[in-house]
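**Student:** Got a predicted model here, sequence first, then my questions.
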Amino acid sequence: MNLGKSLAFLLSVIFFIVLVVVFATIVVSFFPGVHFSDNLILRFVCLIIFVSITRRFYNYLRGE
């Protein structure tokens, strides 16, 4: 898709937020003992994965 830079950025930010909320909801539902605030490594790994997925989505929207 060939979208403008600002629109692609906005959609990528929205996608990132939705992705994080869905993932957190699933993890809390299935694993009630897991807390993201207690585990720095888990937060860091999830952040890297989500940023990577969001960057690929942004590149797809920009048509690169």
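**Tutor:** Happy to help now that I have it. Residues are numbered from 1 along each chain as shown.
**Student:** Which parts of the chain are helices?
**Tutor:** 5-30, 40-62 (DSSP state H).
**Student:** Columns mean neighbour count on top of those, output as TSV?
**Tutor:** C-betas here are computed from N, CA, C, even on glycine. Listed next are the helices of the chain as TSV, based on neighbours: other Cβ atoms under 10 Å:
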stretch	mean neighbour count
helix 5-30	13
helix 40-62	13
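**Student:** I'd like those helices written out as a markdown table, with mean pLDDT added.
**Tutor:** As requested, the helices of the chain are exported to a markdown table (pLDDT from 0 to 100):
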| stretch | mean pLDDT |
| --- | --- |
| helix 5-30 | 87 |
| helix 40-62 | 87 |
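**Student:** Next one, pLDDT for Met1 please.
**Tutor:** At Met1, the pLDDT value in this model is 69.
**Student:** cool, and the one 3 residues further on?
**Tutor:** We have a pLDDT of 80 for Gly4.
**Student:** how about it, phi and psi?
**Tutor:** Dihedral pair for Gly4: phi -70, psi 160, per degrees, to the nearest 10.
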